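Participant: For reference, the sequence and a predicted model appear below.
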Amino acid sequence: MSLLFDEICEQPSVLRGLAEKNGTTASSIADEYRKRGLCGIYFAARGTSDHACVYAQYLFGIVAGIPCTLGTPSVITKYGGKLDLSRYLVVGVSQSGKAEDVLAVLKQANEEGALTVAVTNDAGSPLAREAKYHLCCCAGEEISIAATKTFTAQMYLLALLCEKLTGDRDLREQLDSVWSYAADLLRYAPAALEAKLQRYRYLTNAFILGRGLEYPIALEGALKILETNRIKMKGAPESDFYHGPIAQVKEGDLAIVVSAEGATYDDDLAMIKRLHEIGAEVFVITNSEKLIRTEKFGILTPKTGAYAAPFMFAICVQLFAYELTVIRGIDPNKSDVLKKITITK
């Protein structure tokens, strides 16, 4: 086993305690958001943290009807732009809490009188100190280069904030049970994936697709696989994939499709059908028993609600990346290029 695998397996225990540790703070943020009559949410993040924000962007839109923007920190750090963020909740998300460009966004937001929140794994980090409120991942030290437990913790904390803003009972119930479903998944998924992924020992490139709440998992899955296995990966939304990128897919190419029953399920089926017509090999990560019976390659996750399903899919793509390193004889914690903490300005 490896540090990467160990940290993947810590996720149920991390997720289980997050609401208790952060609930009061999340409620205070929600109260102030409502009291101030703010008009939206501005997220600032990079890499894996940005993918957690994409999940939150969908969730806040679906559940709360709140428009969310994925920030462009370079507007501030490189171009000296002045953004009027006074009527926004500005959320900086960084595992280490040391991302300098995200910190610059929070500083300008504070100057503009915005409501600021940091989501980090370090309560003493620069971001946590700069923001008015801090939501902590409480994941313990994450040593592996590839972020895993901090990713799902970030997703959870942003979803918790959405629940506090809306009081949505369905979202609350799904968050309360997500750790248990994650524990169930981890009992069988590592061995199941190890057996199924042997055929990809010599994989050199692949695509991973999803739509809606599954789109950020496609992005994160591509990142996890490429950074651990040095494989060329493309993560994309199915809706955009038709507009040009599908031309890259050749007969025999691997396409991973992240599919949940619900709003985007028919889109998933249409994409899978098109990929088969091209001659691609499709691997599905899904909570649909019907789909897993009709596809030759794939893995079935526990059936949760729509808001919790991305957590199951996130763990699966993490395990997919890890099992590939085992099969390919790669140490995922050694890299001549990557570092655990990446500072962008």
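Facilitator: Yes, it's here. Model, not experiment: these values are computed from the prediction. Numbering: from 1, shown residues only.

Participant: tell me the mean pLDDT for stretch 321-337?
Facilitator: Summarised as a single mean, pLDDT over stretch 321-337 is 81.

Participant: To clarify, my last question referred to stretch 76-86.
Facilitator: 95.

Participant: chain center to it: distance?
Facilitator: Remark: stretch 76-86 is offset 26 Å from the chain centroid, using CA atoms, centre = their mean, to the nearest Å.

Participant: Next, the distance between the ends of it.
Facilitator: The first and last residues of stretch 76-86 sit 15 Å apart, counting by CA to CA, to the nearest Å.

Participant: What residues sit buried inside it?
Facilitator: Neighbour-count burial for stretch 76-86, counted by 16 or more other CB atoms under 10 Å, picks out 76-77, 83, 85. Using the backbone N, CA and C atoms, a C-beta is placed for each residue, glycine as well.

Participant: The residues you listed in helices, which ones?
Facilitator: Restricting those to those inside helices, with DSSP state H as the criterion, leaves 76-77.

Participant: and stretch 110-124, how far apart are its ends?
Facilitator: For stretch 110-124, the separation between the terminal residues is 18 Å (CA to CA).

Participant: tell me the mean pLDDT for that stretch?
Facilitator: The predicted model gives stretch 110-124 an average pLDDT of 97.

Participant: Could you pull out the buried residues of it?
Facilitator: Taking 16+ other CB under 10 Å as the neighbour-count basis, stretch 110-124 is seen to contain the buried residues 110, 112, 114-122.

Participant: repeat for stretch 265-279
Facilitator: When neighbours are counted by 16+ other CB under 10 Å, the buried residues of stretch 265-279 are found to be 265, 267-269, 271-272, 274-275.

Participant: quick one, phi psi at T69?
Facilitator: With angles defined as degrees, to the nearest 10, T69 shows backbone torsions of phi -120, psi 130.

Participant: Between which two of the buried residues of stretch 76-86 is the distance greatest?
Facilitator: Checked with CB to CB, these reach their widest spread between T77 and L85, with 14.7 Å between them.
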